[in-house]
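Undergrad: how would this look folded up:
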Amino acid sequence: MKGVGFVNIKLVDKLAKVFKSKEMEKVVEEPSSKKESEYITLDWDEEKKVERPDYYVKVMTLMTTADVDAILDEYRTLKKIIIVKVASELAKNKPELKRYIKRFQKTCMNINGDIVAMSEDLFILSPPKIAIERRKVEEVKEEKETQAQVTSGE
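TA: Residues are numbered from 1 along each chain as shown. This is a model prediction of the structure:
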């Protein structure tokens, strides 16, 4: 299956100069009319496209129970890391927010996923096989310094 795209010739020329790529120069074709002089048509094969990633990151806003259901439906695909932004109205309603978070925690536990709060209004849900590191940057630096000292002392 082939696709068609339009590319600005000036941009392609600049990129070709920057990268000095013979492949880039092969792409440029002469335009057929003055009106088309700034753009050319490119064809590409389906096989040349980038492979689809194993996981996606999706940002979703949490305001209502319907949002909880939508977030959990996306999460259950096991192919998405969900960043949940809590709406300011909901952040003020602590009992309701706690109830929603418990649902997230229960679902994460049931599918062996993970959940972490970045702040009071920002959460990350990760699917199985994606771990969320909870150490602070300072802890990581200290660990590296300790390892460097042990290695240099041997």
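
Undergrad: Which of the helices and strands in the protein ranks last by mean pLDDT?
TA: Least confident helix or strand of the chain, by mean pLDDT, DSSP states H and E, is helix 22-27 with a mean of 46.

Undergrad: residue boundaries of the strands in this structure?
TA: Assigned by DSSP state E, the strands in the chain fall at 2-8, 39-45, 56-62, 80-86, 114-119, 122-126.

Undergrad: Going by mean pLDDT, which of those strands comes out lowest?
TA: Confidence, taken as mean pLDDT, is least for strand 2-8 of these (a mean of 50).

Undergrad: Now do the contacts for Met118.
TA: Ile124 (CB atoms under 8 Å, 6 or more residues apart in numbering). The way it works is simple: take the backbone N, C-alpha and C, and place the C-beta from them, glycine included.

Undergrad: separation between it and Leu97?
TA: 15 Å (CB to CB, to the nearest Å).

Undergrad: Kindly state the beta-bridge partners for Ile124.
TA: Ile83, Val116 (DSSP bridges).

Undergrad: My guess is it contacts Tyr75. True?
TA: No: Ile124 is beyond contact range of Tyr75, at 10.7 Å (criterion: CB atoms under 8 Å).

Undergrad: Of the two, which one has the most company?
TA: Tyr75 (24 against 16; other CB atoms under 10 Å).

Undergrad: Hmm, that one is touching Lys106, no?
TA: No: with contact defined as CB under 8 Å, Tyr75 and Lys106 do not form a contacting pair (11.8 Å).
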